[in-house]
Each structure stands twice: as structure tokens, then as C-alpha cells.
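Student: I would like to see how this sequence folds:
(one chain, ligands or ions: 2)
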Amino acid sequence: MNEHKIPVIIDCDPGIDDSFAIYFALNSSMLDVISIVSVAGNVPLSMTTSNACNLLGLVNSNVPVFAGSDGPLIGDAIEAKYAHGVNGLGGYVFKKEYTNNLQQGNGIEHMARILKSSEQPITIFAIGPLTNIAKLVLAYPDLVGKIDQVVVMGGGVIKGNYSSSAEFNIVADPLAAKVVFDAGLTCKIVPLDTTEYCYFDKEFLQALNQSSSLKAKTLYDIVNAKHNIESKEEDSKFYFHDMVTVMAVTNPQLFEFTPLHVDVELDGKITKGQTVFDQRSFNRQEPNSLLVTTKLREEIVAVASEVLTNE
Ligand code: BDR
Ligand code: CA
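Tutor: Ligands and ions are numbered 1, 2, ... in the order given. From the prediction side, this is the model:
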């Protein structure tokens with residue numbers, strides 16, 4: 001572990017925007033990526049795991065990958081192939097399959113081992129459904145204190161994306177989200193409102209394609225497989241929710257963090273998976289999270305471009 005960097009585990013379901021988050025984290029001089037743990041989400045676990053391995057193998061990273069949960073705590077898995085294509089990467093296919101990064105053993109047990117043995121508290125990026133993190137805190141309550149923070153891409157203050165009320169990562173496992181939010185952790189929540197405000201444009205993507213960085217070019221190719229970028233209107237918007245979430249840790253000066261109580265609708269017929277932030281002016285519940293917002297989109301896009309195009 002590099003003591004001058006923030007030690008992080010990325011729990012994810014790659015995923016187009018997860019790919020941006022992973023390459024951004026690998027390139028960031030602030031982060032020491034200990035491992036990647038996969039979860040079923042955008043696509044089934046086998047694919048999120050192999051996508052993570054391929055992303056890392058392609059760029060010769062030795063960060064280990066552990067497979068986590070293949071479905072939510074209760075109920076059936078949902079998927080987001082509508083947003084990420086049939087294979088989770090918009091149909092982009094790696095020229096070869098990389099399997100070297102894949103480790104034996106379960107991702108939740110791996111996280112517990114890391115937390116137990118680490119002298120420094122660990123940051124967990126939760127950029128997929130929260131199933132693995134919920135299982136971790138339920139099975140190992142004594143290790144909650146070893147988690148510095150869980151930084152979640154999830155929820156929405158005013159709307160959802162999977163449904164009008166629910167954001168994908170939360171509705172994919174609402175009970176897990178509730179368990180994590182109520183676990184007494186420092187939980188930073190980067191909602192859709194923030195990640196959609198921080199949209200990216202064609203110019204940003206073209207700069208990735210023109211750079212000499214393999215990571216940047218690969219990200220362009222992944223988005224291009226899904227969107228055929230050149231055919232898009234000049235003012236098209238692209239959302240890389242999970243990368244913006246990572247940036248809330250690497251570039252906290254670009255964000256605001258507001259303590260609030262958040263709850264998750266578990267049963268609602270039209271609101272299942274909705275996040276409800278208590279913003280009342282009185283009778284507010286005790287905060288259990290920090291809601292992450294920003295007004296600095298251009299600065300965020302500039303940092304993302306600079307970091308991703310680094311060799
Ligand atoms: C979130 O859901 C997934 O589809 C994305 O990867 C992101 O984590 C956005 O709602
Ligand atoms: Ca994701």
C-alpha cells in the first residue's frame with residue numbers, strides 16, 4: 001500500500017461509466033487502487049467480472065479482481081442493457097480475453113480481509129448495486145470502523161432513471177442500499193442530479209480519441225460502440241456517473257457535501273428504490289449521509305480530460 005495515496009476498493013458493475021471510473025482511478029495520482037470487486041448490475045456477474053478483468057488486462061494493470069454477488073439480497077436481478085448494451089460495454093469487444101487479474105475467492109471475504117489487515121481506513125467506491133457492501137457490513141459489523149467512507153453513485157433527489165422515481169443502482173437492490181445507509185458509515189452519496197449536471201460532450205470524447213493514452217482511446221471506442229459518436233448532434237450529452245463519483249474523492253474542492261438523512265423506498269408500487277432525502281426545515285431526521293453536489297461542471301470535465309489522457 002502506498003501511504004501517500006488514498007487506499008480504495010472499487011465495487012462496480014462495468015458498465016460503460018464504470019470503465020471511465022476505473023481508468024480515472026488507475027490514472028489518479030491521489031488513489032491507490034487495492035482491488036476491484038464485481039457485482040451483478042448493468043449486466044450479469046460473469047460479464048461485469050470479465051469486463052473488469054479485460055479493462056485491467058488491456059492496460060497491464062496488476063490490480064486484482066474478485067467476483068462478488070450475482071444478485072440482490074432479496075428478489076430478482078434487474079439489468080441495464082438498455083444503457084450499456086448486451087455485454088455491458090456497448091457491444092465493444094476486446095481483441096483478446098484477459099483473465100490474469102481474476103482471483104479465486106469471494107469479493108466480500110476479500111474486502112473483509114483487506115479491512116482487517118489494513119492499518120489505514122479504506123475508501124470504498126460503490127458504483128453498482130450495493131449488495132456486496134450490505135453483505136460486508138452485515139457479516140462484519142466490527143469492520144465498519146475500518147471503512148473510511150463509502151462513496152456511492154446512487155439515487156436521485158428529484159428523479160430517477162430506471163423509473164421516474166428510482167435510480168438504477170438503488171432500485172437494483174433497495175434493501176442493500178438501506179442497510180448501507182443505516183450502517184453508521186460515512187456515506188457520501190453522489191446522486192443522478194449531480195452526475196447528470198456534470199455531463200460530458202463530443203469534444204471531450206474526441207480529445208480522448210486523439211490522445212496517445214490507451215486508456216483514453218479504449219474509453220472512446222467503448223462509447224463509440226454504443227453511440228457512434230461522430231453521428232451525434234454537436235450538443236449531445238454523455239453521462240459518466242461513476243467517474244464523477246470517483247472525482248468527489250480525488251477533487252473534493254469541486255464538490256459540496258451536505259449532511260442529510262436518506263431513506264430508501266422498499267415497497268412502493270411506483271416508487272420502489274426511490275431515495276428520499278429529508279430536506280425539511282424542521283423535524284429533520286439525524287443525517288446518515290453526505291449528499292454530494294456541485295456547481296463546477298466545467299472544472300470537473302477539465303480534470304477528467306487531463307487525468308484520462310495521461311499515459
Ligand atoms: C448508474 O447505474 C448504472 O447503469 C451506471 O453504471 C451507474 O452506476 C447510473 O444510474
Ligand atoms: Ca455502475
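
Student: And stretch 263-275, what's buried?
Tutor: Using 16 or more other Cβ atoms under 10 Å as the burial criterion, the residues of stretch 263-275 that qualify are 263, 264, 265, 271, 272, 273, 274, 275. Placement of C-beta: from N, CA and C, glycine included.

Student: worst-scoring helix or strand of this structure, pLDDT-wise?
Tutor: Here the helix or strand of the chain ranked lowest by mean pLDDT, DSSP states H and E is helix 81-84, holding a mean of 92.

Student: So which elements touch the following helix or strand past it?
Tutor: Remark: after helix 81-84, the chain's next helix or strand is strand 102-106, criterion DSSP states H and E. Where contact means 3 or more Cβ pairs under 8 Å, 6 or more residues apart in numbering; DSSP states H and E, strand 102-106 is packed against strand 65-67.

Student: in its sheet, what does the strand it packs on sit against?
Tutor: strand 31-38 (parallel), strand 102-106 (parallel) (DSSP bridges).

Student: Can you pull the phi/psi pair for residue 153?
Tutor: With angles defined as degrees, to the nearest 10, residue 153 sits at phi -90, psi 110.

Student: ok, and the closest non-adjacent residue to it?
Tutor: residue 245 (4.0 Å; Cβ to Cβ, 6 or more residues apart in numbering).

Student: mind checking which of the strands paired with strand 65-67 is nearest residue 240?
Tutor: In terms of Cβ to Cβ, the element of the strands paired with strand 65-67 nearest to residue 240 is strand 31-38, at 16.6 Å.

Student: I would like the residues contacting the closest one, please.
Tutor: 1-2, 5-14, 22, 25-26, 45, 48-49, 52, 56, 63-68, 101, 107-108, 110-111, 114, 122, 128, 132, 246, 249-250 (Cβ atoms under 8 Å, 6 or more residues apart in numbering).

Student: 7 Å instead, please
Tutor: 1-2, 5-13, 22, 25-26, 45, 48-49, 52, 63-68, 107, 110-111, 114, 132, 250 (Cβ atoms under 7 Å, 6 or more residues apart in numbering).

Student: Name the residues of the stretch 151-300 of the chain found near ligand 1, please.
Tutor: Contacts of the stretch 151-300 of the chain with ligand 1, taken as Cβ under 6 Å from any ligand atom, map to 153, 161, 167, 168, 169, 241, 242.

Student: and the two most separated of these?
Tutor: Across these, the longest distance by Cβ to Cβ is 13.2 Å; it joins 161 and 242.
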